[in-house]
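>>> what would the 3D arrangement of this be:
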Amino acid sequence: MTLRERFNKLMSFKPVDRLPYVEFRDVSWPYRLRWIDQGAPVVANPYEHFGFDEATNDRATSWTDGGRGLEHIEIDLNALPRFDPQPVRTEGDYHFTLDVRTGVSLKRLKARTKSDLSVKTTADPPVKTRADWAEYKKRFDPFTLERYPRLKQYTHHLTVYPLNYPETWTQAVKDMAVAPHIVTLCLHTGFNFVSNAVGFERLFKLLVDEPKWVHEMIDHFGGFVRKALQKALVTARIDYVSLDDDTPPRTVHGELLISPAMFMDYTGDHYRETLQRVAECGIQWVQVPLTRNRMFDDRIVQMVIEAGLTPILPADAEGEFGVTERRRQYGGKFPLWGGMDADILCRGKPAIDRMIENVFAEAPAGGYFPTLCDRYGKFLEVPFENYRYYTQVYRKANGME
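Okay, the predicted model is just below:
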């Protein structure tokens, strides 16, 4: 049974030969930055080293995807044409660079360590006036041919592993139809695009001072995304779509920075229209976000159901949003995803044993696809020995050893 077959059967609460064994996080980062120094062997492909499902498939990942068993259809939703590159500028302790994909000027610390993967913040957004906006939105034409980068000439930035992309989108569609791995597409309502355009902090001011302009920009980007993704939704064999990246802005600790009601006032219509298009294309499953704000999370789940689709519920490894509680909350009707966390891997072997025990205690109820999440941003801090132990315990409990 392939990973794709296991996914589709689990989502339908049908029996499988065993649970999936996957890593959807980009394990190459801790491997290169930390684990080799901690005794990990030097290998070309960490996913093959740990034996994950579909680890040898060289089309199933990129530097943005992480795990080898998951292929994100990478439609280019950034500015086209790109902004002209600018030389790196240095002031004090910071480097300033221009992100040519968005036009945003970014700053980051010059001094970096292995635990600091150069966290970037906005120094200067591209849209300050309505005149700027009139020019900026011209770069977001949904019908620009280069938006479909499943072509070799558009994959020069994917350098972590050797890739085998097809020559044309038509061939990519054929390949995805028979692929053994999971194929997914990420959806957006436009809110995050506006945040890039005007700047994160200024967006909050505009929400109060110029709400009509914010609505105008979100409406533009929401329509842009739906039109740009339409070809993929219609032609590609997609196992599920994800709303996971499109949520109200939050602090590093997860608290919402605007109310769910305000966020939905700006994005609700775009959620509904996007979900309707997904349903029309015959896709069944939608991975919903987990913000841990019940009002927002429940509203998104309800919108998915109203569109005739089935929500995939993300779950924490423990607590009120753990797998058991999520089942109870929705009556066990919907499939679940997650249930493991990098923070627990940092706690040591006894904590890992308990986590794996909980995962396999939930498995008999069906509809559960275990994946490792990173709620607290601890993945880079996981020691190699702990991660190795986690994979061994999981494989043994899964009947793979």
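
>>> contacts only, for the nearest residue to residue 99 once chain neighbours are set aside.
Spatial nearest neighbour of residue 99, chain neighbours left out: residue 106 (5.7 Å); criterion: CB to CB, 6 or more residues apart in numbering. C-beta coordinates here come from the backbone N, C-alpha and C atoms, glycine included. Going by CB atoms under 8 Å, 6 or more residues apart in numbering, residue 106 touches 96, 97, 98, 99, 120, 121, 122, 123.

>>> from residue 146, how far off is the fourth one?
Just to be clear, that refers to residue 99. Remark: distance between residue 99 and residue 146 (CB to CB, to the nearest Å) = 17 Å.

>>> which of these two has more neighbours?
Just comparing residue 99 and residue 146: by other CB atoms under 10 Å the higher neighbour count belongs to residue 99, 18 against 12.

>>> what residues are bridge-paired with the more buried one?
residue 104 (DSSP bridges).

>>> isn't residue 310 up against residue 11?
Yes. In terms of CB atoms under 8 Å, residue 310 counts as a neighbour of residue 11; the distance is 7.4 Å.

>>> touching both of the two, which residues are there?
Shared contacts of residue 310 and residue 11, counting by CB under 8 Å, 6+ apart, come down to 284, 285, 335.

>>> where does the stretch 51-200 of the chain have low pLDDT?
55-68, 111-120, 149-167 (pLDDT under 70).

>>> in the stretch 151-300 of the chain, which spans are strands?
In the stretch 151-300 of the chain, the segments counted as strands under DSSP state E, counting those that start in this stretch are 182-186, 240-242, 285-287.

>>> to residue 24, which of the ones you listed lies closest?
strand 182-186 (9.1 Å; CB to CB).

>>> what pairs with that closest one, parallel or antiparallel?
Strand 182-186 is paired, per DSSP bridges, with strand 70-72 (parallel), strand 240-242 (parallel).

>>> so what does the helix or strand following the first one touch, helix or strand wise?
In this case it means strand 70-72. Remark: after strand 70-72, the chain's next helix or strand is strand 89-91, criterion DSSP states H and E. Here strand 89-91 touches strand 94-99, going by 3 or more CB pairs under 8 Å, 6 or more residues apart in numbering; DSSP states H and E.

>>> for residue 99, give me its contacts.
Residues in contact with residue 99, defined by CB under 8 Å, 6+ apart, are 83, 105, 106.

>>> my error: substitute residue 50 in the last question.
23, 27, 388, 391.

>>> and it, how far from residue 387?
8 Å.

>>> determine the set of other helices and strands touching the lengthiest helix in the chain.
For the chain, the helix with the greatest residue count under DSSP state H is helix 211-235. Here helix 211-235 touches helix 130-136, helix 169-178, strand 182-186, helix 191-198, helix 200-209, helix 260-280, going by 3+ CB pairs under 8 Å, 6+ apart.

>>> could you check the angle helix 200-209 makes with the fourth one?
Between the direction of helix 191-198 and that of helix 200-209, the angle (axes from the mean of the first three to the mean of the last three CA atoms, to 10 degrees) works out to 110 degrees.

>>> and if you look at the last one?
Using the same axes, to 10 degrees, one finds that helix 260-280 and helix 200-209 are set 100 degrees apart in direction.

>>> how about helix 260-280 as PDB, C-alpha atoms only?
Output in PDB follows, covering the C-alpha atoms of helix 260-280 (Å, rounded to 0.1, in the frame of the first residue of the first chain):
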ATOM      1  CA  PRO A 260     -11.800  36.300  14.800                       C
ATOM      2  CA  ALA A 261     -14.900  38.400  14.100                       C
ATOM      3  CA  MET A 262     -12.800  41.200  12.500                       C
ATOM      4  CA  PHE A 263     -10.700  38.700  10.500                       C
ATOM      5  CA  MET A 264     -13.800  37.000   9.200                       C
ATOM      6  CA  ASP A 265     -15.400  40.300   8.300                       C
ATOM      7  CA  TYR A 266     -12.500  40.800   5.800                       C
ATOM      8  CA  THR A 267     -12.000  37.200   4.700                       C
ATOM      9  CA  GLY A 268     -15.300  35.300   5.200                       C
ATOM     10  CA  ASP A 269     -16.700  35.800   1.700                       C
ATOM     11  CA  HIS A 270     -13.300  34.700   0.200                       C
ATOM     12  CA  TYR A 271     -13.300  31.600   2.400                       C
ATOM     13  CA  ARG A 272     -16.800  30.700   1.200                       C
ATOM     14  CA  GLU A 273     -16.100  31.300  -2.500                       C
ATOM     15  CA  THR A 274     -12.800  29.400  -2.400                       C
ATOM     16  CA  LEU A 275     -14.300  26.400  -0.700                       C
ATOM     17  CA  GLN A 276     -17.200  26.400  -3.200                       C
ATOM     18  CA  ARG A 277     -14.700  26.200  -6.000                       C
ATOM     19  CA  VAL A 278     -12.900  23.300  -4.300                       C
ATOM     20  CA  ALA A 279     -16.100  21.400  -3.900                       C
ATOM     21  CA  GLU A 280     -17.000  22.000  -7.600                       C
END
